[in-house]
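following is a predicted model, sequence given first.
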Amino acid sequence: MAEKRTIRFGIIGCGLMGREFAVASARWPALLETKARPEIVAICDLNESLFGWYRQNFPSIRQFTTKYHELLANQDVEIVYCAVPHNLHEQFYMDILKAGKHLLGEKPFGIDAAANERILAAIDAHPHLFVRCSSEFPFFPGGHQVHKYILENPWGRIIEVHSGYLHSSDLNFQKPINWKRMIEFNGEYGCLSDLGMHAMHIPLRVRWIPRRVYASLSKIVTERPDGKGSTAPCVTWDNGTITCEVEHPTDGYTFPMTLKTYRISPGETDTWYIEVIGTKFSAKFSTKFPKTLKTMHYVDGDTQEWRHEDVGYGSAYKTITGPIFEFGFTDAILQMWAALVEEFVDRPAHMPFGCITPEETRLQHKILAAALTSGKTHQVVEIG
Ligand SMILES: NC(=O)c1ccc[n+]([C@@H]2O[C@H](COP(=O)([O-])OP(=O)(O)OC[C@H]3O[C@@H](n4cnc5c(N)ncnc54)[C@H](O)[C@@H]3O)[C@@H](O)[C@H]2O)c1
């Protein structure tokens, strides 16, 4: 068996997502056909109390620092996974590129459209560096299959598309405020940019780019405990529904698409879904029922029956896991990292599915900026 190349990673931001990546790297033997494997050699976080877990579980890490410039000066680090609050994306991503490191950034890839443009200009100035943005849900086998259907275009005429990401961790009004609910750290977009990339990844990949949008935005919780015995105002948007008009990229007609991003969706803990409804063929997948792909094939005059298929572990990148087993969030993270490493090493012309490109982050920001304006003015906003 050929020796796998080792790619040396640094992590900046060792919180929720930093840890998910670290664990994915430890699960790498589950992947059967990857040409390379990640090794975490350096980590950075302001919160040193996070280091103990990494130290205990990842002997490959040789640098622990609270100053990200020290990690960027580390010659061993080839590529950086940067998972920090949105207000830091611009400065950190640009400094990572200036230091000559490749980058996997987190969404929304800049706190607003202007920050995103400056990051993209820095990427243009460093064309030899590989840059992608994280988003894992389309790697669920059901989501991956819906993407494959979209490429085959079996719909007849698309009647409508729905894509969204719903959770309800904010339904508890007593939950103390954190940075994701503060405008200065999360940005004015609120839920739109926190969850929007999840809803947009497949539509952007297949060039379902809205021409115009109308957004309904809600602020449901106006204040929360501040964690210090008092309360703090909640000024970010909790829920957003973006209604879009999309021109089919090859067939010319337009169809409606909704993108939902809800932080307060009772009954949903973590639901990503995509539904494409067409005159001849329809498909629905939701992580709420992670095994089940629903499809309807309709021939004129025929009965209309939804078919429910257990898709099992039909992952984009082959693993040791048996095809009958269930797939979950951590599997999607592993698949996303497999896609990233594969593309980084090989730049293959055709990939089963890849991480978000910088250009797709720009399109995301165009849609988010238009949605924010629409939500505030109650007007339809054209996307230029
Ligand atoms: N892909 C996904 O499914 C997903 C899920 C959640 C969050 N995210 C994104 O990941 C990013 C991070 O979110 P998270 O949930 O991991 O947040 P988190 O708060 O759990 O972690 C962020 C970490 O950054 C650290 N940090 C803050 N300032 C720093 C600085 N100056 N230098 C070094 N470290 C610093 C914090 O101490 C914290 O540990 C955000 O962009 C968020 O939108 C993505």
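Alright, I've got the coordinates. Residues are numbered from 1 along each chain as shown.

how much space between the spatially closest residue to residue 89 that is not a sequence neighbour and residue 122?
Nearest residue to residue 89, sequence neighbours excluded (Cβ to Cβ, 6 or more residues apart in numbering): residue 110, at 5.1 Å. Just so you know, the C-beta spots here come from the backbone N, C-alpha and C atoms, and that holds for glycine as well. Applying Cβ to Cβ, to the nearest Å, the value for residue 110 to residue 122 is 11 Å.

mind giving me the domain ranges of this protein?
Per automatic domain parsing, the structural domains of the chain span 5-133, 137-382.

circling back: neighbour count winner among residue 110 and residue 122?
The residue with more neighbours, out of residue 110 and residue 122, is residue 110; 26 against 20, by other Cβ atoms under 10 Å.

where do the strands sit along the stretch 251-384 of the chain?
254-262, 271-278, 281-286, 292-297, 307-310, 381-382 (DSSP state E, counting those that start in this stretch).

likewise the stretch 101-250 of the chain?
Under DSSP E, counting those that start in this stretch, the stretch 101-250 of the chain gives strands at 102-105, 131-133, 158-166, 210-218, 223-225, 231-233, 239-247.

what lines up beside the fifth one in the sheet?
In other words, strand 223-225. strand 231-233 (antiparallel) (DSSP bridges).

contacts for the strand it pairs with, please.
177, 182, 222, 223, 224, 225, 226 (Cβ atoms under 8 Å, 6 or more residues apart in numbering).

residue of the stretch 101-250 of the chain nearest the ligand, please.
At 3.4 Å from the ligand, residue 106 is the closest residue in the stretch 101-250 of the chain, using Cβ to the nearest ligand atom.

go on, the chain?
In the chain, no residue comes nearer to the ligand than residue 15, which is 2.1 Å away by Cβ to the nearest ligand atom.

these two touch, right, that residue and residue 45?
Yes: contact criterion Cβ atoms under 8 Å: residue 15 and residue 45 qualify, at 7.2 Å.

for residue 360, what are its contacts?
If you count contacts by Cβ under 8 Å, 6+ apart, residue 360 has them with 133, 200, 201, 204, 205.

for the residues you listed, give me TSV that also has pLDDT and neighbour count.
Conversion of these to TSV gives the following (pLDDT from 0 to 100; neighbours: other Cβ atoms under 10 Å):
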residue	pLDDT	neighbour count
133	98	24
200	98	29
201	98	29
204	97	21
205	97	18
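
got the residues of the stretch 201-350 of the chain near the ligand?
Contacts of the stretch 201-350 of the chain with the ligand, taken as Cβ under 6 Å from any ligand atom, are absent.

buried ones in stretch 48-56?
The neighbour-count check on stretch 48-56 (16 or more other Cβ atoms under 10 Å) flags 50, 51, 54 as buried.

quick one on the thing from earlier: between residue 110 and residue 122, which contacts overlap?
Listed as contacting both residue 110 and residue 122 by Cβ under 8 Å, 6+ apart are residue 93.

and the lengthiest helix in the chain with the ligand, contact?
The residue-count maximum for a helix in the chain (DSSP state H) belongs to helix 358-377. No: judged by Cβ under 6 Å from any ligand atom, helix 358-377 makes no contact with the ligand; its nearest approach is 11.6 Å.

using neighbour counts, pick out the buried residues of that helix.
Applying 16+ other Cβ under 10 Å to helix 358-377 flags 358, 360-372, 374-375 as buried.

now that helix: average pLDDT?
Per-residue pLDDT values over helix 358-377 give a mean of 98.

what separates it from the chain centre, distance-wise?
Distance of helix 358-377 from its chain centroid, counting by Cα atoms, centre = their mean, to the nearest Å, is 15 Å.

and that helix, C-alpha only, in PDB?
The C-alpha trace of helix 358-377 is given here as PDB (Å, rounded to 0.1, in the frame of the first residue of the first chain):
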ATOM      1  CA  PRO A 358     -14.200  31.600  -2.300                       C
ATOM      2  CA  GLU A 359     -16.400  32.700  -5.200                       C
ATOM      3  CA  GLU A 360     -19.300  30.800  -3.600                       C
ATOM      4  CA  THR A 361     -18.700  32.800  -0.400                       C
ATOM      5  CA  ARG A 362     -19.000  36.000  -2.400                       C
ATOM      6  CA  LEU A 363     -22.400  34.800  -3.900                       C
ATOM      7  CA  GLN A 364     -23.500  33.900  -0.400                       C
ATOM      8  CA  HIS A 365     -22.700  37.400   0.900                       C
ATOM      9  CA  LYS A 366     -24.600  39.000  -2.100                       C
ATOM     10  CA  ILE A 367     -27.700  37.000  -1.200                       C
ATOM     11  CA  LEU A 368     -27.300  37.700   2.600                       C
ATOM     12  CA  ALA A 369     -26.800  41.500   2.000                       C
ATOM     13  CA  ALA A 370     -29.900  41.600  -0.200                       C
ATOM     14  CA  ALA A 371     -31.900  39.600   2.300                       C
ATOM     15  CA  LEU A 372     -30.800  41.900   5.100                       C
ATOM     16  CA  THR A 373     -31.900  45.000   3.200                       C
ATOM     17  CA  SER A 374     -35.100  43.300   2.200                       C
ATOM     18  CA  GLY A 375     -35.800  42.300   5.800                       C
ATOM     19  CA  LYS A 376     -35.300  45.900   7.000                       C
ATOM     20  CA  THR A 377     -37.200  47.600   4.200                       C
END
